[in-house]
Structure formats: structure tokens, C-alpha cells
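Q: Sequence plus predicted model, see below.
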Amino acid sequence: MPLTVEDIMEAAKLMKGYSLDYEDAIHLATVLRSRAKEIISNDEDFEREAYKHMRSSVERFFAWLRGGFRRLILRWERLTSTSLGFIQIACIMIYWRVLK
């Protein structure tokens, strides 16, 4: 399917809306234009079980943050360095509780 100007314009909107890189936004724009019902990955080295384990770990981490560190979920800080610092402190406190 050839790339059109409309695809590039749609990709620019998708890049801003979903924080995608250029290649992924172009790919998504062409998929949306073709009205595909399913996207089949050709990644041969993709391990679904490892992905599920990593995803559950990340979701569990954010659940812990939501439970005791509401400030981090709301993200009131203006600087990303300040937000990262609070996340690191929260991680230390979570690990401290787990290791006790």
C-alpha cells in the first residue's frame, strides 16, 4: 500500500496524541487507512510469556504506587527530574517494605 500525504498528516497527529516515534506513527496511519481488523507481528524473537511477566510486574508496581503514593500518580511536579526523584524514593520505600 503506497504512502500518501494524508497518511503523513495522520501520522503527525498520532505522534502527538499517542507519543509514538515516526515509523510507528506512519505504520499506524496506514493500518487505520486500510481498516485492518488485525495486525500480525513478524517479530520472530517476540516471547509472549516474557512479555506477560514483564507487563504484570509493571502493573503491580503501579498498583503499589497507587496504594501508598498518590502524589506520584497525580504527578504535580513540573520537572521530570523531581518526578523521577519521587519515583525513586517510592521504589526504595516499597523495596524496604518487601525486604523487612
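A: Yep, that arrived.

Q: How many residues are close by Asp24?
A: 14 (other C-beta atoms under 10 Å). To be clear about C-beta, it is placed using only N, CA and C from the backbone, and glycine gets the same treatment.

Q: Next, it: secondary structure please.
A: At Asp24, secondary structure determined by DSSP: H, G, I helix; E, B strand; the rest coil is helix.

Q: and the gap between it and Ser56?
A: 24 Å (C-beta to C-beta, to the nearest Å).

Q: Name the nearest residue to Ile87, ignoring sequence neighbours.
A: Among residues not flanking Ile87 along the chain, Leu72 sits closest, at 6.0 Å (C-beta to C-beta, 6 or more residues apart in numbering).

Q: which secondary structure elements does the helix or strand that neighbour falls within contact?
A: For Leu72, the host element (DSSP states H and E) is helix 70-74. Helix 70-74 is packed against helix 48-68, helix 80-99, with contacts defined by 3 or more C-beta pairs under 8 Å, 6 or more residues apart in numbering; DSSP states H and E.
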